[in-house]
Structure formats: structure tokens, C-alpha cells
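1. My questions are about this predicted structure, shown below with the sequence.
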Amino acid sequence: MLSSSFRTILCWIVLYSNCYAFIPLIDGGKGMPKLYDGWFNEQVSKQASTAVSKAIAAGKKKIEVNFPPVPNVEEVKFGTPLNQRFGKTILAKDLGIKGGYKPGSDISRQLIAYANIYWAKKIGPAAGGSGLCALSSEPVNFSDVTKRGSLSRLGVINSLEARQQGRDKETIVCCNPGGEETWDRIASAHSSPGANFVVLNNAYSTTYGLGNKKGYEEAYYVKRISKGWIYRSFPGPWEAYLEKPDGSVELLKSWKSKPELREAAELVRTESFKRFAINNDRWTQGFGGRL
């Protein structure tokens, strides 16, 4: 017969395994992150960190990381339940926001801006360096962020104070800096020669395409397109995924080099209509609605 103490240990092992079975692999696994569990269980941060680390090891100094900073980006102004849960249970707690997440608070009104600081905190350490600075031009009240973890400092892009506080070999994570024609100037103003510079979740593009045209390595890239997604994790291929009415995704095609956006979007859109006709509309209940 099993002793009482052994049975107790066995029960704890079973309970521990069940509770943490949903946690992704140490590197986040391969392929598209789970919609939208990956934003809550660290799958996205693990995948992005792994990709950035591999890019740095391969000698890449200028890197782009781009993915939806909150689960429902297009609906962020309307406060979807999923976005609210992300703000309350992930952002406010991890960043130690003064007063927490409440209706009308800065974090509730500027969810994406605070989310980018969170992601800089989670992903930035993978880039190495002698320190980690997150820069932003978005409306973030830095004094509200009491849990900065690996972030040695926060600053406003192109501000005199942020430039003067720069440190030698410090890694800069630049949150949503704007048009890519400004990236090199921002890097020159804030980082030391040879330091790693990461552009995070830039929301503005001057070209109709994927990634950038300035030579920044797209280390981790998750972009919504019509009826699906584009995904890339360095040094892997670019992949096009179909999002189905049940919220799951299916890989349709891979490219060794970056494809044209219109090619990938047309492929996914055509396949969606072939399979589901008009019944794959995530906004409309009864026609595949799932928001």
C-alpha cells in the first residue's frame, strides 16, 4: 500500500501538471500563437524573446518586432471584454499600475500605449546589452509604472532628457516610433554605436507591405490580414494562416523570403471564401462572429 505521505506527493504532482498543462514550451512553440490565449499565458512573449535572441546571436543589431499589442486591436476603443481582462489581469498587475485598471483610468484609455511598455519589459531582455531602456511617444504616465523589472529607464522619444540619460551599449526598445524613415535618426539620437535597437509594434507604415524597407530584421512578426494572419519568427519562414469561424488557424503557405502583402492577403481571402463563403466574418454574429 502507498504511504499517506507518498499519496500526498502524488496528488500534488497530478494537480501541478493539470494546472500548468496550458503553459507553452519554454520558447513558446512553433507557428502562430494561440488566439488569444497566447497573450495571457506568455506564449507571445516567449516566442518573441526567442526570435529576438536568435536574431541578436546571428549578428542583427537593428530589429523589428510587430504583433497586436492587445488581443483586439481594431476594437480597442470599444473596450471588448477580452481587452479589459488583458488590461486588468496582465498589464495593471505586471506593471504595478498605481490605482490599477479602472474605468476612466489612464491605462484603460491608453491600453495599447501601456501594453507596449509591458511587452518591452518582457521581450527587451532577450536583446542583451548593458541596460534596457523603453522609449515611447505614446501617452504613458511613466510614474504610474511601479514594477519596471528589467527596464532600467523609461523615456520619451527624441526628448532631451531621454537622450542625455543614454548609456553605453544600452539596448533601446522603441515603442511605436512612427514612419520607418525616422528609425535610424532615433537610433542615432538615443543609442551608442554598435548597441542593439529594437522597434516594437510600430503602428504606422509608409509602404503598403509587410515589415519594413530599411533593413531592420523582422525577427517576430504577427500581422492580421483579411480572413487570416501573416506570421514570422526568426530565422524561420514567412507563413500565411487562415483564421476559421471557430477562431482556430490553419497554415496555408510558407515563403523562405518575405512575400508581397497583396499576394498573401489574396491567397487567404480566396481560401476563406472557397470554404466558408460569407460565413467567416468575425464581427457579425451568425456569420462567423466571434468577438
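-> Here it is on my side, so go on.
2. Test my guess that residue 240 contacts residue 264.
-> Yes: contact criterion CB atoms under 8 Å: residue 240 and residue 264 qualify, at 4.6 Å. In this view, the C-beta of every residue, glycine as well, is placed from N, C-alpha and C.
3. Report the rounded mean pLDDT for the host helix or strand of residue 84.
-> Using DSSP states H and E, residue 84 sits in helix 81-86. The average pLDDT for helix 81-86 rounds to 96.
4. which intervals of this protein have sub-threshold pLDDT?
-> Scanning the chain for pLDDT under 70 picks out 1-24, 283, 285-291.
5. could you pull out the strands for it?
-> Secondary structure of the chain (DSSP state E): strands at 62-66, 132-136, 153-156, 171-175, 197-200, 217-225, 228-233, 238-243, 249-255.
6. so can I have a markdown table of these showing distance to residue 29 and mean neighbour count?
-> Shown next, in a markdown table, are those (distance: least, CB to CB, whole Å; neighbours: other CB atoms under 10 Å):
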| stretch | distance to residue 29 | mean neighbour count |
| --- | --- | --- |
| strand 62-66 | 17 | 24 |
| strand 132-136 | 25 | 25 |
| strand 153-156 | 31 | 18 |
| strand 171-175 | 23 | 28 |
| strand 197-200 | 21 | 27 |
| strand 217-225 | 13 | 21 |
| strand 228-233 | 10 | 24 |
| strand 238-243 | 14 | 22 |
| strand 249-255 | 13 | 15 |
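7. ends of stretch 91-107, how far apart?
-> 9 Å (CA to CA, to the nearest Å).
8. before we move on, what about stretch 171-191?
-> 7 Å.
9. Buried ones in that stretch, by neighbour count?
-> 171-178, 180, 182-183, 186-187, 189-191 (16 or more other CB atoms under 10 Å).
10. For residue 199, give me its contacts.
-> 62, 63, 64, 65, 66, 174, 177, 180, 183, 212, 216 (CB atoms under 8 Å, 6 or more residues apart in numbering).
11. make it 6 Å
-> 64, 174, 183 (CB atoms under 6 Å, 6 or more residues apart in numbering).
12. and if you look at residue 228?
-> Here residue 228 is in contact with 241, 242, 243, 268 (CB under 6 Å, 6+ apart).
13. Closest one of the residues you listed to residue 36?
-> residue 243 (11.4 Å; CB to CB).
14. who's that closest one bridged to?
-> On the basis of DSSP bridges, residue 243 takes part in beta bridges with residue 249.
15. ok, it touching residue 251?
-> No: using CB atoms under 6 Å, residue 243 makes no contact with residue 251, being 11.4 Å away.
16. Tell me how far residue 246 lies from residue 35.
-> 10 Å (CB to CB, to the nearest Å).
17. Which of the two has more residues huddled nearby?
-> The neighbour count for residue 246 versus residue 35, taken as other CB atoms under 10 Å, is higher for residue 35 (16 against 8).
18. Roughly how far does that one sit from residue 114?
-> According to CB to CB, residue 35 and residue 114 sit 22 Å apart.
19. Not counting stretch 155-169 itself, show me its contacts.
-> 129, 130, 131, 135, 137, 177, 189, 190, 192, 195.
20. In it, which residues are buried?
-> Buried, per 16+ other CB under 10 Å, within stretch 155-169: 155, 157, 162, 166, 167.
21. Tell me which two in the residues you listed are the farthest apart.
-> Among the buried residues of stretch 155-169, 157 and 167 lie farthest apart (CB to CB), at 16.6 Å.
22. Export the buried residues of stretch 155-169 as CSV, with columns for distance to residue 223.
-> Shown next, in CSV, are the buried residues of stretch 155-169 (distance: CB to CB, whole Å):
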residue, distance to residue 223
155, 27
157, 23
162, 29
166, 31
167, 33
